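1. The following comprises the amino acid sequence and a computationally predicted model.
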Amino acid sequence: KQRNAAIFTSPIAFKMIELLLVSMIVLPVLLYIFHPAIKVMGESTDVGVINETLTDETTTTTPNGSETKRHCLSIIIPAYNEEERLPPMLQETYAYLTKNRSKITELCQSALCCQSGTTTATFEIIVVDDGSKDGTGIKTRHFADETVSTTKSGDSMRLLTLRQNSGKGAAVRAGMIKSTGALCLMVDADGATDFGSGLPKVLIEMTKLSQSSTKKKEGANDITSMMAAVFGSRAHMEQESKAVRSAVRTFLMNAFHFFVKTLCSSKIHDTQCGFKLFTRSAAITLFSNLHLRRWAFDTELVAMAEMLNMSVAEVGVNWHEVDGSKLDTSKIALALVSLGMLRDMICVRSCYTLGLWRLRR
């Protein structure tokens with residue numbers, strides 16, 4: 001008995017017990033932090049996409065065969081159960097594009113460092129149905145038949161349908177990879193960002209980035225090969241909204257911004273605004289490397305752009321609440337969502353720092 005008591009009271013035994021207790025605490029924390037990385041390890045990058053061309057595609061003949069026409073601007077719209085909010089958003093967006101085609105052509109040409117000419121910009125609209133259970137796909141086809149097909153302007157519209165709900169990040173990734181535009185714009189299906197004022201702002205900001213790049217790299221005549229991104233932002237609205245926000249929401253907002261600055265980038269304040277413009281090279285590079293598939297995928301985009309030393313800018317856009325949000329806005333739910341996004345940011349930074357994830361250029 002004395003010998004057994006001596007074993008359990010020895011310094012080695014205490015160290016083993018201490019190590020066991022620490023492991024019982026640390027291991028679950030590590031599993032929680034790296035859960036997003038562990039989850040994607042067992043998932044295929046192929047989410048199963050059904051690609052439907054809803055309008056006549058203009059093709060050109062090349063030595064290697066027929067090629068789909070390259071558009072000036074691709075607009076990628078992720079949608080999940082959006083049969084109510086998507087149609088008016090599409091109507092407003094396409095009406096603006098057709099009414100202001102000359103203006104947008106000039107802005108796109110400036111953003112791409114192209115000389116102004118007689119070529120008129122054409123647009124590509126890609127709706128990515130993220131496994132919706134409602135009539136999102138039906139409403140999209142109807143809009144294409146009734147509106148886009150009748151303009152005879154050279155614009156195209158496509159519907160990508162994911163075989164199962166895979167997350168907003170997965171939906172945007174599928175749309176970006178399948179797009180053909182020299183510039184690629186990500187837009188939310190709810191129409192919360194004012195498209196008419198937002199598009200010129202991000203294009204003008206992209207022009208500034210492209211002009212800065214061409215000064216640094218003599219001989220470059222466009223930025224399709226340059227990696228650049230412009231992030232729409234609601235940060236300028238924070239002071240106005242603080243008056244109507246609760247103390248809990250204000251605290252969560254400030255905490256989130258602190259961790260974004262620390263873990264992702266000090267250049268971008270609002271990572272979650274669903275209005276982002278990319279050059280083609282940036283879109284393909286970023287979304288080919290994307291791991292996160294749900295709400296926090298924007299933070300990985302920002303982190304990757306920082307690591308790649310990509311030319312980035314942030315510009316304020318007009319934004320308003322739209323009924324029908326799928327995000328639970330109760331205090332407890334917001335706290336849990338914020339905690340989950342913090343976990344995802346730590347996971348992203350840790351995986352790239354430790355070399356578990358590598359950027360393919």
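-> Received it, and whenever you're ready, just let me know what you need.
2. List the contacts of Pro78.
-> Pro78 sits next to 128, 130, 168, 171-172, 175, 186, 188-189 when contact means Cβ atoms under 8 Å, 6 or more residues apart in numbering. To be clear about C-beta, it is placed using only N, CA and C from the backbone, and glycine gets the same treatment.
3. Kindly recompute the last result at 7 Å.
-> Contact analysis of Pro78 by Cβ atoms under 7 Å, 6 or more residues apart in numbering lists 128, 130, 168, 171-172, 175, 189.
4. So what would you say the end-to-end distance of stretch 128-147 is?
-> Terminal residues of stretch 128-147 are spaced 18 Å apart (Cα to Cα, to the nearest Å).
5. Off-centre distance for that stretch?
-> Mean-position distance between stretch 128-147 and its chain equals 21 Å (Cα atoms, centre = their mean, to the nearest Å).
6. circling back: just the ones in strands from the contacts of Pro78, please.
-> Of those, the ones assigned to strands by DSSP state E are Val128.
7. Any chance of a markdown table for the contacts of Pro78, columns pLDDT, neighbour count and distance to Leu27?
-> Shown next, in a markdown table, are the contacts of Pro78 (pLDDT from 0 to 100; neighbours: other Cβ atoms under 10 Å; distance: Cβ to Cβ, whole Å):
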| residue | pLDDT | neighbour count | distance to Leu27 |
| --- | --- | --- | --- |
| Val128 | 97 | 28 | 38 |
| Asp130 | 95 | 26 | 34 |
| Lys168 | 93 | 25 | 31 |
| Ala171 | 96 | 30 | 33 |
| Val172 | 97 | 29 | 34 |
| Gly175 | 96 | 25 | 38 |
| Ala189 | 94 | 27 | 40 |
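8. Under the pLDDT cut-off, which ranges of the stretch 251-361 of the chain? List them.
-> 251-253, 325-331 (pLDDT under 70).
9. show me where it has helices.
-> When secondary structure is read from DSSP state H, counting those that start in this stretch, the stretch 251-361 of the chain shows helices at 280-289, 297-307, 331-353.
10. Flag every buried residue along the second one.
-> Using 16 or more other Cβ atoms under 10 Å as the burial criterion, the residues of helix 297-307 that qualify are 297-306.
11. Give me the helices and strands touching it, please.
-> Packing contacts for helix 297-307, counted by 3 or more Cβ pairs under 7 Å, 6 or more residues apart in numbering; DSSP states H and E, involve helix 280-289, helix 331-353.
12. Alpha carbons of it, as CSV, please.
-> Extracted as CSV, the C-alpha positions of helix 297-307 are listed here (Å, rounded to 0.1, in the frame of the first residue of the first chain):
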residue,chain,number,x,y,z
PHE,A,297,-15.4,32.3,-47.0
ASP,A,298,-15.0,36.1,-47.5
THR,A,299,-12.5,36.2,-44.6
GLU,A,300,-10.3,33.6,-46.4
LEU,A,301,-10.5,35.6,-49.6
VAL,A,302,-9.2,38.7,-47.8
ALA,A,303,-6.5,36.7,-46.0
MET,A,304,-5.3,35.1,-49.3
ALA,A,305,-5.3,38.5,-51.1
GLU,A,306,-3.0,39.8,-48.3
MET,A,307,-0.7,36.8,-48.5
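13. orientation of that helix relative to helix 331-353 in degrees?
-> Interaxial angle of helix 297-307 relative to helix 331-353 (axes from the mean of the first three to the mean of the last three Cα atoms, to 10 degrees): 30 degrees.
14. Could you list the residues in contact with helix 297-307?
-> 168-169, 229, 260, 264-265, 268, 271-272, 286, 289-292, 312, 341, 344-345, 348-349, 352, 359.
15. mind listing the helices for the stretch 101-250 of the chain?
-> Going by DSSP H, counting those that start in this stretch, the stretch 101-250 of the chain shows helices at 101-111, 136-143, 149-151, 168-178, 195-216, 238-241, 247-263.
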